[in-house]
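Undergrad: Provided below are the primary sequence and the corresponding predicted coordinates.
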Amino acid sequence: MIKPDESQMEAIQHGKGPMLVLAGPGSGKTFVITKRIENLIKNKGISPSKILVITFTRMAAGEMRERFLRANPDCRGVTFGTFHAVFFMVLKNAYRYNADNILREEEKYFIMRDLIRRLGLTYEDENDFITSLISELSYIKNTGISLSNYYSKNCGSDEFKRLYVGYENTLRKNGKIDFDDMLTMTYELFDQRKDILSAWQNRFEYILVDEFQDVNKLQYDITSMLAGDKANLFMVGDDDQSIYRFRGADPKIMLNVQNDFKNLKTVKLSKNYRSPSNITDIAKKLISCNEMRYEKEISSVKPGGKVLLKKFKDQFLECEYIIDKIQEYLDEGVEPGRIAVLFRVNTGCRLLAEKMLEYNIAYEMKDSLPNIYEHWLARDMFAYLDIAHGSRKREDFLLIMNRPKRYLSRESLEYSTVAFDVWQNFYSEQPWMEKRIEELQMHLKMIRRLSPFSAINYIRKAVGYDEFLKEYADVRHIKADDLYDTLDELMETAKPYDSYEKWLEHILEYKKMEKEKNRDKTDKDAVELLTFHSAKGLEYEKVFIIDVNEEVVPYKKAVLLQDIEEERRMLYVGITRAINEVTICYSSKIHGKEADASRFVEEMF
């Protein structure tokens with residue numbers, strides 16, 4: 001049996017009233033939560049039915065329930081659930097809701113697609129546009145920000161307001177609620193019906209919240225209402241691992257909780273049982289650069305550990321090194337699932353994933369990896385290249401004939417196959433339009449002679465495609481740089497190939513291997529590829545962190561101090577996943593452009 005250390009014991013034996021447990025990485029927070037539940041039932045005489053444990057994911061709730069019951073099979077009746085599951089339980093009792101009232105994801109997309117079309121909003125990638133809008137709707141509900149004070153990143157203010165109102169009206173008309181409504185409606189219910197609130201306060205006298213650093217204001221307010229005057233609220237988390245601000249999580253809640261609970265007791269779990277001292281030392285140096293945090297001492301119970309810092313000329317060499325090292329670890333007998341490659345955004349491992357498929361190294365991704373070759377920007381490039389290499393399909397011409405703007409009409413392409421002389425003849429009375437088609441022909445002849453990398457560069461700079469993207473970004477209220485970055489990445493994949501045919505061969509082979517890999521999804525014996533967000537709560541023997549460069553880690557959109565501090569917390573989370581070895585990598589070039597090492601590198605080494 002594991003014996004708790006002094007700080008763990010203090011948390012486990014805490015009785016009534018609020019407690020904040022600052023639980024650093026690998027400090028045994030799940031052990032503390034389950035042992036505290038056991039202590040409440042067996043030593044304090046609390047009925048299991050009076051205890052509520054709230055987690056952030058169904059998986060975490062299930063694992064914690066299973067772990068507790070394995071050790072205490074006679075203590076059934078404790079409620080384990082996510083915020084949404086717990087609050088929906090409240091709404092079910094109040095409004096007689098059932099599972100049919102919950103809006104499914106596909107229904108949400110259908111509603112948004114219908115509203116977008118009715119409003120006549122323009123987009124290139126429908127799924128990407130809808131996903132971004134849904135994220136904004138969720139942010140508004142979770143933060144309580146006034147719709148009149150919110151400025152959409154994806155469309156104009158008036159259009160966004162109409163979308164929001166239309167979405168809400170559709171839900172109410174059909175008797176549906178989404179996951180965000182579970183929070184807003186529970187708050188309104190507790191606020192307006194004190195009798196119902198009192199009944200739930202009596203039902204759950206002791207509340208334990210895991211990953212408390214990730215709560216948003218609405219979740220915190222409802223949980224505080226539920227705890228009531230007794231305030232038997234046991235909050236476990238680590239402000240240094242708060243990395244979900246994009247979905248409304250606010251680390252200030254944890255930092256200011258002592259202002260809400262005057263008799264709050266705080267205990268710090270500062271011993272790291274996962275990572276050895278060399279790893280915790282660099283993690284400690286990194287996170288201590290943050291200003292908005294609880295001061296705490298982090299110490300490892302294990303000496304040693306290996307920390308490597310590697311600089312590469314470009315990402316191709318970075319990938320080769322990682323693949324060689326992974327192969328070396330596998331040959332030494334390290335299980336594939338005990339090796340992880342971590343990165344900032346889900347597209348950050350695209351090049352590595354392609355190379356791993358080539359080298360037949362099995363990998364598993366926790367996040368979906370969008371296929372860059374199916375991105376609408378890639379489709380435009382392929383249309384230009386296909387036409388340059390002989391395609392005369394009308395659909396190819398329709399894609400690119402006004403990118404950049406040439407003011408050519410769809411009606412000018414009358415047939416399914418395009419002939420340039422016929423096309424020019426359509427504009428025989430408008431010689432300036434004929435001239436534009438001639439210029440396009442001239443560009444296509446040049447494109448045909450170039451390698452794929454140079455051809456895309458020519459399309460962007462000489463033909464004027466980047467200018468088209470700038471105008472498109474202005475209309476959509478997005479940053480043109482994000483679109484340029486996608487094309488930079490596409491160009492990098494084309495760089496090794498001297499002909500369009502060879503590049504297409506590679507793309508087809510990649511798609512084929514991806515399909516075969518997806519068919520074999522049940523095989524868990526694979527190296528893990530994860531974002532920092534997905535890696536949270538997990539641990540691995542060997543950890544690689546790639547592209548620790550400025551504008552990647554920290555991410556280019558991080559400008560304000562609070563943004564940079566969250567980026568630093570993300571890297572901190574990544575480093576502290578390692579059980580015995582972490583390799584931090586950066587390159588002199590990212591997507592073919594000169595790049596600097598992240599400022600975080602200097603802070604650590």
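TA: Arrived safely, thanks for sending. Numbers count the residues shown, from 1 in each chain.
Undergrad: Enumerate the positions of stretch 53-71 that are buried.
TA: For stretch 53-71, a neighbour-count test (16 or more other Cβ atoms under 10 Å) marks 53, 54, 55, 56, 60, 61, 64, 65, 68 as buried. From N, CA and C alone the C-beta is placed, and that goes for glycine too.
Undergrad: Which parts of the stretch 401-550 of the chain are strands?
TA: Using DSSP state E, counting those that start in this stretch, the strands assigned to the stretch 401-550 of the chain run over residues 527-531, 540-545.
Undergrad: returning to that earlier point: mind picking the two most distant members of the buried residues of stretch 53-71?
TA: Maximum pairwise distance in the buried residues of stretch 53-71, criterion Cβ to Cβ, is 17.2 Å, between 56 and 68.
Undergrad: give me every residue that touches the nearest residue to residue 162 once chain neighbours are set aside.
TA: In space, residue 162 comes closest to residue 119 once its chain neighbours are excluded; the distance is 6.0 Å by Cβ to Cβ, 6 or more residues apart in numbering. Neighbouring residues of residue 119 by Cβ atoms under 8 Å, 6 or more residues apart in numbering: 159, 162, 163, 166.
Undergrad: From those, pick the one nearest residue 488.
TA: Of the contacts of residue 119, the one sitting nearest to residue 488 (Cβ to Cβ) turns out to be residue 159, at 29.9 Å.
Undergrad: secondary structure element for that closest one?
TA: Using DSSP states H and E, residue 159 sits in helix 157-173.
Undergrad: buried ones in that helix?
TA: Of the residues in helix 157-173, 159, 160, 162, 163, 164, 166, 167, 170, 171 count as buried by neighbour count, 16+ other Cβ under 10 Å.
Undergrad: Pipe the contacts of residue 119 into JSON lines and attach distance to residue 421 per row.
TA: Formatted as JSON lines, the contacts of residue 119 follow (distance: Cβ to Cβ, whole Å):
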{"residue": "159", "distance to residue 421": "43"}
{"residue": "162", "distance to residue 421": "47"}
{"residue": "163", "distance to residue 421": "46"}
{"residue": "166", "distance to residue 421": "48"}
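Undergrad: Please point out the stretch among the strands of the stretch 401-550 of the chain with the lowest average pLDDT.
TA: Lowest mean pLDDT within those: strand 527-531, a mean of 94.
Undergrad: shaky segments in this protein?
TA: Applying pLDDT under 70 to the chain flags the ranges 1, 517-524.
Undergrad: circling back: make a markdown table from the strands of the stretch 401-550 of the chain and add distance to residue 98 and mean neighbour count to it.
TA: As requested, the strands of the stretch 401-550 of the chain are arranged in a markdown table below (distance: least, Cβ to Cβ, whole Å; neighbours: other Cβ atoms under 10 Å):
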| stretch | distance to residue 98 | mean neighbour count |
| --- | --- | --- |
| strand 527-531 | 35 | 24 |
| strand 540-545 | 41 | 23 |
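Undergrad: As JSON lines, the ones you listed with distance to residue 348 would be great.
TA: Putting the strands of the stretch 401-550 of the chain into JSON lines (distance: least, Cβ to Cβ, whole Å) gives the following:
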{"stretch": "strand 527-531", "distance to residue 348": "7"}
{"stretch": "strand 540-545", "distance to residue 348": "10"}
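Undergrad: closest one to residue 278 among those?
TA: For those, proximity to residue 278 was assessed by Cβ to Cβ; strand 540-545 is nearest, at 13.0 Å.
Undergrad: Could you identify the helix or strand that succeeds the closest one?
TA: Immediately after strand 540-545, counting by DSSP H and E, sits helix 561-575.
Undergrad: what sits up against that next one?
TA: By Cβ under 8 Å, 6+ apart, helix 561-575 touches 25, 240-243, 245, 251, 275, 279, 282-283, 286-287, 289-293, 342, 344, 532-533, 535-536, 543, 545, 548, 553-555, 557-558, 582, 584, 598, 600, 603.
Undergrad: Report the buried members of those residues.
TA: Buried among these (16+ other Cβ under 10 Å): 25, 240-243, 245, 251, 275, 279, 282-283, 286-287, 289-290, 293, 342, 344, 532-533, 535-536, 543, 545, 548, 553-555, 558, 582, 584, 598, 600.
Undergrad: and residue 226, what does it touch?
TA: Residue 226 sits next to 52, 190, 197, 200, 201, 204, 207 when contact means Cβ under 8 Å, 6+ apart.
Undergrad: Distance from the host helix or strand of it to the middle of the chain?
TA: If you go by DSSP H and E, residue 226 is part of helix 217-227. Distance of helix 217-227 from its chain centroid, counting by Cα atoms, centre = their mean, to the nearest Å, is 25 Å.
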